[in-house]
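Take a look and give me a structure for this.
(4 chains)
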Number of protein chains: 4
Amino acid sequence: MKTLNVGLIGCGFMGRAHSNAHRKVANFFDLEYQPVLKAICDANAERAAAHAARWGFESVETDYRKLLARKDIDLVDICLPNNLHAEVAIAAAEAGKMILCEKPLARTGDEAEPMVAAVEKAGVPNFVSFNYRRIPAVTLAKQLIDEGRLGRIFHYRAKFLQDWTISKDLPQGGDALWRLDVKAAGSGVTGDLLAHCIDTALWLNGHVASVTAMTETFIKERKHNLTGKVEAVGIDDACAFLARFANGSLATFESTRYARGHKALYTFEINGEHASIAWDLHDLHRLSFFDHRDTGVVRGWRSIHVTDGDHPYMKHWWVPGLSIGFEHSFVHQLADFLNGIATGKPASPTFREGLGTQYVCDAVLKSAATGRWEQVKT
Amino acid sequence: MKTLNVGLIGCGFMGRAHSNAHRKVANFFDLEYQPVLKAICDANAERAAAHAARWGFESVETDYRKLLARKDIDLVDICLPNNLHAEVAIAAAEAGKMILCEKPLARTGDEAEPMVAAVEKAGVPNFVSFNYRRIPAVTLAKQLIDEGRLGRIFHYRAKFLQDWTISKDLPQGGDALWRLDVKAAGSGVTGDLLAHCIDTALWLNGHVASVTAMTETFIKERKHNLTGKVEAVGIDDACAFLARFANGSLATFESTRYARGHKALYTFEINGEHASIAWDLHDLHRLSFFDHRDTGVVRGWRSIHVTDGDHPYMKHWWVPGLSIGFEHSFVHQLADFLNGIATGKPASPTFREGLGTQYVCDAVLKSAATGRWEQVKT
Amino acid sequence: MKTLNVGLIGCGFMGRAHSNAHRKVANFFDLEYQPVLKAICDANAERAAAHAARWGFESVETDYRKLLARKDIDLVDICLPNNLHAEVAIAAAEAGKMILCEKPLARTGDEAEPMVAAVEKAGVPNFVSFNYRRIPAVTLAKQLIDEGRLGRIFHYRAKFLQDWTISKDLPQGGDALWRLDVKAAGSGVTGDLLAHCIDTALWLNGHVASVTAMTETFIKERKHNLTGKVEAVGIDDACAFLARFANGSLATFESTRYARGHKALYTFEINGEHASIAWDLHDLHRLSFFDHRDTGVVRGWRSIHVTDGDHPYMKHWWVPGLSIGFEHSFVHQLADFLNGIATGKPASPTFREGLGTQYVCDAVLKSAATGRWEQVKT
Amino acid sequence: MKTLNVGLIGCGFMGRAHSNAHRKVANFFDLEYQPVLKAICDANAERAAAHAARWGFESVETDYRKLLARKDIDLVDICLPNNLHAEVAIAAAEAGKMILCEKPLARTGDEAEPMVAAVEKAGVPNFVSFNYRRIPAVTLAKQLIDEGRLGRIFHYRAKFLQDWTISKDLPQGGDALWRLDVKAAGSGVTGDLLAHCIDTALWLNGHVASVTAMTETFIKERKHNLTGKVEAVGIDDACAFLARFANGSLATFESTRYARGHKALYTFEINGEHASIAWDLHDLHRLSFFDHRDTGVVRGWRSIHVTDGDHPYMKHWWVPGLSIGFEHSFVHQLADFLNGIATGKPASPTFREGLGTQYVCDAVLKSAATGRWEQVKT
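Numbering: from 1, shown residues only, chains lettered A, B, ... in the order given. Alright, predicted model coming up:
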């Protein structure tokens, strides 16, 4: 067993999720490389120290450049707002570090392209944290599709619905609310939520050829936490688009933070010639599956409780019937990433694959502006 | 096509349900015998006349004996409170009429035995209206069991939960509330609701050998509508029992009118060696089915939407996906009863079969009194 | 009580549904006008005779012009393929008949406009059979919205998914399959299925201002039942569109006959500032409702079993917990239509209202051709 | 912050679950006492060493007496088969250690009583690991009951259904299958599964006064892993019982390992005068709640997604909508146990409370033998 020294940057929601993954992955997975919590880095020294104490990081940095300069860091894990991904990732690649980067890769394809170039030039392992792929039910969906159980695909539909920004009194910007600040986030639900839907879609159903989209900002102005002033809201509160995949299937995508009653309802459904699949994040341990080849009178949607030992990743956890949750998807992707390093077969999605999602987001936002169908860059 | 003249007795809830069935069965089923709404009979002349006008009965009677004396009546349909079933059915048998009787057959096995004797002596077609057997999803369950899909049966569980008598201010007795009056009803939930559960269970899983039971009357006194006085409540508000079937399977049964949130939640589940089945009346058009012989990773409970043309009874109605409801179970049993007359193969349950349900109810109520396991009479 | 003589044209699936409604409406509703099954009309004499025998129509016609010429016909009920609606309805209006017309009103807005003009000129009661409005759960949704429980509406989404045309071997055209023949149907899922979604949406959420759409025909050629030759398929197998409502809310709509596992899954969801509503046709007796004003820790989607006496239409049927089905929506709309005649307050949707749905369909199909956002005619 | 040195005994399924809890509790909860993984103890030295390596235990013991003799151990965590609980717990109490013991407390009440006496005599903190109490949805149920939202309770029903022992080829006994060996387990589903149901029931609904039960062993003989011979199966494969609570409510309980399609379906429902609650372990993050005091037309069962910051324990985890799983219940009970030590208010259930569950199990098994109602010892 070899150790792999981790320098994690950012102590927010994602910083916690990644710290937890690094700390527990070797308890459940047999790994050639085992992560060591070497250093936590955050511009806010107090926050960094508290995070180190809670999670057991060995050291603290407040400047990411110092972290990158350290010889004892193997892997840089970027858990920063979107606007900082490119700068840090490119510097990390130049410093020869392996890189795990939170999604989306960047704010735009233009911003992401040099990141891809940098990691490929440096030849360092790289990975974008689209964690929902590794929820066992989602991985099972991939497996069923790859086995050909669905046949020709006719339809794909995905949604990511939330309801936490409906109040006009919610401010924008700052540590907790950078997702509402267009400068930090780049976009609203498109980059934050639809990026997840698109990543899964590309993985399960291949290239998206073209899209037509609409976006809306329901609350036009919010107080900004950094300036203290009421400022225009630059992000999209909601976005919906139609798409045509390269394989001839049709799709609808929608995301919003104004869907009362839904907290984090990421859902997708795929209809094929022989079978259909549906899943949602609110009951993430279940996969719905309809197989037309079942005997007629007993055909029906099956609710698969994805907790058996032969389901993806599940033999590493408990016993059948006992579910795992959100945080485990980060453990799974870390295990796969580490195994990718060990085997030399990189885990997906790499930065290059993450760029594909970026291109779809770009086309969506462009279409929302032009009112026309837009081709997706390849 | 031959006609069959119907004399229906009783204008309450069941009188309506049966009138509707007689009136529409030939619109949807091809029948050798087609019912004609010849006469409605109710002690309340005004009520009988209103019912005749609404449903198109050709004549009105207020004395059932006069109805039975009529030569132009072929079939007597008894929709009266339980305490009147025996008297009317025996007289109808003696008058040589075919008989359809609402469930339960009688208040007790002792009361029901002469009814069975009478119809068998007279040799007249006879039938007890346990209508839930003919909800297509329930009939499909029977079909799957008969095909051997479940294998050896380990468990049976059934409930019938309601919540309409929780208020202390609800009176007992009279036309609308005879079900709360022990003299008219014979028992509470046992004869009214568990009788349905038991009928289905005997049909699907065979003889019940022995039971142990408890009953409870939560509201001890209620105003009586007939006397105007507060009187002791004689019925069981709730009843639960354990049972052992002759086939070695174990069962739990429960019914109550004090289960807040459930209006008419009849539900059963059967666990077999290879497969399990579950159903409930609140979503009566669905059958849940789990088949262990499905491929491991895609095993799951299937929700079968029982609306296809190859599902029981459904080719007579609309198109796949479009559901039918409660009232259609009465149409189905009438169609089966009429076909039974035409073919000479009587539809089930006959009076004799209905007596089996009565014997289980008797054992249940006896056990609730003795606190011991009781054998079921055969 | 007055009678109203009905002449029904067309003996297909809808002819049966309407006949059933006419035959049973007065059994369950107290009406000033009671329908009489006076005449059935179908070009196929044998089919017409069989329909008359089964449903009790007093007479048979094979030429709709003869039917319209009869003095004893008050109401003409049009259950014909879409291409025949305009001709028959205009002639009926000119003959001074009341008119019930199956949906969609016509194949296009251009075709429908003279129909509206004709009934308004003649001053005859007129109605388009968008029956799903009168499923009690859908009517309850309307009631909750009208009470202001949702507040400002942000999102509307609707789908109508089927899977019955996936096989390449299915032919097009003729009595049973005119819905696949563009000449008879005018369009595919847009006019057949999305028209329902649009009608409900206009009713619940007001005017649709603009749309952008895509359509697809997955199977390009099918044998034609009338010509016996393989011919190009002219209908849309699938259609999806984005929309902006006049009230500022955003919408997604989708329909297809290639969604494996869904027979007739019409579903809609509305997200408002305070509350959300969702419904689907496969469990038509339930309405999902989320109210943000519920106490925080017990907030959740409520599954309302719409079978209580205080739910729309339900006091006319059975008792709480016992569901009704698809066919009852036709009874409800007929009762409302007849009450509209009695009171002089026409039931909705009239032909003029049905034209609004047509205009949205037109804009959808136009956008699918142009690839641009299209305004909806008003 | 103070440390608390843990000596954990047993490396099986529960040993892993408890190790995980000790290792991560301080990452998510602010604690005065923080556990340190001081020693792992297992009779199998190799297994112990592997467990230590994987989880980071500082030392290894193979004899629990040596562990108890160590001065540097504060807390003994017993994750052994049931037959070893009493011996080890009593010795631990005599050694003055705090004790966490897996459920059930012992094989019988007789065996458990000296354990209670020992911890009470020693005055050491003690706790039985009935972890399902601390699934947030279950804790929320307790909270709603304590707030009086349900009013008078009429009914309680619980089930714990599994299907993993249906095969005749499954052996009994040994490390992996001691639950099938009556000597190690004491009983079958009664002590293993119903004990959970009973613990929750006592907590939520108070004392169980009397029971009547039946048990069954479907497979009478199985090969024994320790002897290599086919031996009689001594455990109950299935158990069902009726109960009367001291508060007047009625209950049904059932457990089996022969319910095809259910892996670990623990489910309970409580019906009160005003409201009802239901929960199940297969969707452990949801609580079903019906409140009769909601406005009539919008009454329905609410599906509460128990993932908000104001739900029990959830502020310590992620953000609304993102679920946790089975393992977190162990973290919660550990946090509560540690806070109990800090505050001097012991977390529930203590050994004495766990004894109450044992008494119910005893009465159940006695009734299954006698066929009579049995009173529960208090």
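
Please list all residues in contact with A:Ala92.
A:68, A:76, A:78, A:99, A:124 (CB atoms under 8 Å, 6 or more residues apart in numbering or on different chains). Where C-beta positions appear, they are placed from N, C-alpha and C, glycine not excepted.

Taking those residues, tell me the two that lie furthest apart.
Greatest spatial distance in those: A:Ile78 and A:Val124, 12.9 Å, computed using CB to CB.

the more surrounded of the two?
Set side by side, A:Ile78 and A:Val124 show more neighbours around A:Ile78, with 25 against 20, by other CB atoms under 10 Å in any protein chain shown.

Torsion angles phi and psi at the closest residue to that one other than its chain neighbours?
Distance criterion CB to CB, 6 or more residues apart in numbering or on different chains; nearest residue to A:Ile78, sequence neighbours excluded, is A:Cys101 at 4.5 Å. In terms of degrees, to the nearest 10, the main-chain angles of A:Cys101 are phi -120, psi 130.

before we move on, the earlier item: just the closest of the contacts of A:Ala92 to B:His85, please.
A:Ile78 (78.2 Å).

Around chain B, pick out the residues from chain A.
Contact residues, chain A versus chain B (CB under 8 Å from any CB of the partner chain): A:140, A:143-144, A:287, A:289, A:291, A:294, A:296-305, A:308, A:310-311.

ok, which of those also contact chain D?
By CB under 8 Å from any CB, the members of these lying near chain D are A:305, A:308.

Return the residues in contact with A:Glu327.
A:Glu327 sits next to A:17, A:20-21, D:317-318, D:324 when contact means CB under 8 Å, 6+ apart.

State the number of residues packed around the closest residue to A:Lys220 other than its chain neighbours.
Distances taken as CB to CB, 6+ apart place A:Val233 nearest to A:Lys220, at 6.0 Å, with adjacent residues excluded. Residues within reach of A:Val233, counting by other CB under 10 Å, total 20.

Please tell me how far A:Val233 sits from A:Thr215.
12 Å (CB to CB, to the nearest Å).

picking up where we left off before, reformat the contacts of A:Glu327 as TSV; add neighbour count and distance to chain C.
Output for the contacts of A:Glu327, formatted as TSV (neighbours: other CB atoms under 10 Å in any protein chain shown; distance: CB to the nearest CB, whole Å):
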residue	neighbour count	distance to chain C
A:Ala17	20	25
A:Asn20	21	26
A:Ala21	24	30
D:Trp317	21	16
D:Trp318	20	17
D:Ile324	27	17
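
Can you tell me which of these end up in helices?
Judged by DSSP state H, those include A:17, A:20-21 as members of helices.

before we move on, back to that, run through the bridge partners of the residue nearest to A:Ile78.
Taking DSSP bridges as the rule, A:Cys101 bridges to A:Ile78, A:Val128.

thought A:Trp279 was touching A:Ala141?
Yes. Using CB atoms under 8 Å, A:Trp279 is in contact with A:Ala141, at 6.2 Å.

any common contacting residues for those two?
A:Leu287.

residue closest to the middle of chain A?
Central residue of chain A (CA atoms, centre = their mean): A:Phe130, 2.5 Å from the mean position.
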